[in-house]
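>>> For reference, the sequence and a predicted model appear below.
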Amino acid sequence: MKTVIIGSGNVAYHLAKAFKQSQLGVSQLFARNAKELSKISVELGIPYSTDFLEDADLYLIAVSDSAVADVSSLIKKENALVAHTSGSLPIEVLNGRYRKASFYPLQTFSKTKELDYSKIPFFIEAENQIDEKYLSELASIISENVETSDYEKRKYIHLTAVFACNFTNHLFAKAKEIADAQGLPFRYFIPLIDETVEKIHYLEPKAAQTGPAVRGDERILKLHEALITDEEQLKIYKLMNESIKKMYHL
């Protein structure tokens, strides 16, 4: 099938790269950001356009959630298959008379970070079984981990991902703020972060928890609170420790 990928951000870039590496054809990249689109096109050798949307059999929309409906209305080919890549939108948001679907890769994407696409879970939803089977087979060429998922399941997958990824990374950023303020190289903490993540491959996250809150060590908790001068950091510190205590009934 002739495929067009719409978007020029992190997801669009990696989706196009995954297709390229898997020897799946992409006939066009389409987006409004000519500068970013040109970079992707040069790197991957895929033609692009900012004003002409080519006719295709499959359109994959990899834009921000707020733009999906408007972008999807640009597709006029009624017998096309159109899939968004969002974890938090139903397929009904797609605004056209074509066949609708979702092609959701569960991963955090940055253009400068290489990824092993074969390990990324893909969650597929379509209006009919034929399209669902086709998209599942397509994703299976890229990844070893492909499942079907309706919107009710997918939105909770996305919510869980925000806790597991976005919130965790924000805490890394806050930790670096504290380290930077004290002249501590953040590289000191990389082995600790790596071990924390590695452990949950073998242990339930609850069983892997360590630290003063889970031990009920009020002396250290109060000491840390006294050291924190930033109001937002202190609020996060207290909130996280109270949540840990509740989980372990302390």
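Right, received. Where do you want to start?

>>> Neighbouring strands of the strand ranked longest in the chain in the sheet, and parallel or not?
When the chain is parsed with DSSP state E, its longest strand is strand 99-105. The strands that strand 99-105 pairs with in its sheet are strand 81-84 (parallel), strand 122-126 (antiparallel) (by DSSP bridges).

>>> out of these, which comes closest to Lys20?
Ranking the strands paired with strand 99-105 by their distance to Lys20 (criterion: Cβ to Cβ) puts strand 122-126 first, at 16.6 Å. C-beta here means a position set from N, CA and C on the backbone, and glycine is covered the same way.

>>> leaving aside the residues next to it on the chain, what's closest to Leu184?
Ile178 (7.9 Å; Cβ to Cβ, 6 or more residues apart in numbering).

>>> and Ile120, what is it in contact with?
Pro105, Leu106, Gln107, Ile142, Ser143, Asn145 (Cβ atoms under 8 Å, 6 or more residues apart in numbering).

>>> Using neighbour counts, give me the buried entries of those residues.
In these, burial by neighbour count holds for Pro105, Leu106, Gln107, Ile142, Ser143, counting by 16 or more other Cβ atoms under 10 Å.

>>> For the contacts of Ile120, work out which two are farthest apart.
Leu106 and Ile142 (12.9 Å).

>>> wouldn't Val71 be in contact with Val4 here?
No - the pair Val71 / Val4 is not scored as a contact, 11.5 Å apart, by Cβ atoms under 8 Å.

>>> So which other helices or strands are in contact with the one helix or strand Phe19 maps to?
Assessed by DSSP states H and E, Phe19 sits inside helix 10-21. Contacts defined by 3 or more Cβ pairs under 8 Å, 6 or more residues apart in numbering; DSSP states H and E place helix 10-21 against strand 3-6, helix 34-44, strand 99-105.

>>> What lies in contact with the last one?
What it means is strand 99-105. Contacts of strand 99-105 (Cβ under 8 Å, 6+ apart): 11, 14-15, 60, 79-87, 89, 91-92, 94, 120-128, 131-132, 135, 139, 143, 149, 151, 154, 157-158.

>>> Now it: average pLDDT?
Mean pLDDT, computed over strand 99-105, is 98.

>>> Dump that strand to CSV, restricted to CA.
Only the C-alpha atoms of strand 99-105 are listed here, as CSV (Å, rounded to 0.1, in the frame of the first residue of the first chain):
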residue,chain,number,x,y,z
ARG,A,99,-11.7,4.2,7.1
LYS,A,100,-10.4,5.2,10.5
ALA,A,101,-7.8,3.5,12.7
SER,A,102,-5.2,4.0,15.5
PHE,A,103,-1.5,3.0,15.2
TYR,A,104,-0.1,3.8,18.6
PRO,A,105,3.6,3.2,19.4
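
>>> Spatially, what comes nearest to Lys153 if we skip its sequence neighbours?
Phe123 (7.8 Å).

>>> let me redo that: Glu92
Going by Cβ to Cβ, 6+ apart, Glu92 has Lys100 as its nearest residue, at 7.1 Å.

>>> Please tell me how far the one you found sits from Ser66.
18 Å (Cβ to Cβ, to the nearest Å).

>>> How about the secondary structure of the residue nearest to Leu184?
Recorded secondary structure, Ile178: helix (DSSP: H, G, I helix; E, B strand; the rest coil).

>>> Unless I'm misreading it, Ser135 sits right up against Ile124, doesn't it?
Just so we're on the same page, residue 135 is Leu rather than Ser. Yes - at 4.7 Å, Leu135 counts as touching Ile124 under the criterion of Cβ under 8 Å.

>>> In this structure, which helix is the longest?
helix 231-247 (DSSP state H).
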